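Q: The sequence and its predicted three-dimensional model are supplied below.
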Amino acid sequence: MEFSDDRGNASIEFLVAAIALLVPVVALTVTTSEIASATFAATVAARQGVRAFTLADTAASGQTAIADITDLAVADHGLTDVDWRIELDCAGRSCRQRGSLVSLEVSIDVPLRFIPALPGIDIAPRVTVSRSATTRVSTTSVNR
């Protein structure tokens, strides 16, 4: 009976198997982290944006404040190459009227960097995260 010399092969096999398993785990972790960051950023932007809008002197300055707050929240959570949208709803009343409810929905599109696009489809894979917040315009405001 003859035995072959297998010395040293176990470490190479371990490295190949470890790399083959580790790369997808790291990709999944990074993707999950970006989606969680987008969720937190959208939550902060919606809550603080709707508050800033109801406290602003004009509707235009309120919308500018919402955009600035959303930019800051996205940057603070380390998100790059993301698109965001805001949708303001005033429940059928004027957004500036005392006592009216103002709702803000912030949507952030997060690219899935480690998932390749399908052949023939020009749209990169993305996940959209949306959060909303509602508040009432102060009934004791002196400006309205």
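A: Now that the structure is in, tell me what you want to look at.
Q: and V106, how far is that from L15?
A: 44 Å (CB to CB, to the nearest Å). Every C-beta, even on glycine, is put in place using the N, C-alpha and C of the backbone.
Q: What of S94?
A: Plainly put, S94 is 66 Å away from L15 if you go by CB to CB.
Q: How about L101?
A: For L101, the distance to L15 - CB to CB - is 60 Å.
Q: can you confirm V74 is in a strand?
A: No: according to DSSP: H, G, I helix; E, B strand; the rest coil, V74 belongs to no strand; its state is helix.
Q: what's near enough to touch it?
A: Listed by CB atoms under 8 Å, 6 or more residues apart in numbering, the contact set of V74 reads 41, 45, 82, 84, 108.
Q: tell me the pLDDT at the second one?
A: Going back to what we said before, that points to A45. A45 carries a pLDDT value of 96.
Q: just checking, A91 touches T135?
A: No: using CB atoms under 8 Å, A91 makes no contact with T135, being 11.5 Å away.
Q: of the two, who's got more company?
A: More neighbours surround T135 than the other of A91 and T135, with 15 against 11 (other CB atoms under 10 Å).
Q: tell me the contacts of that one?
A: 50-51, 54, 101-102.
Q: which stretch of helix or strand covers the residue nearest the centre of the chain?
A: For the chain, A38 is the residue whose C-alpha lies nearest the centre (CA atoms, centre = their mean; 2.0 Å). Per DSSP states H and E: A38 is located in helix 9-55.
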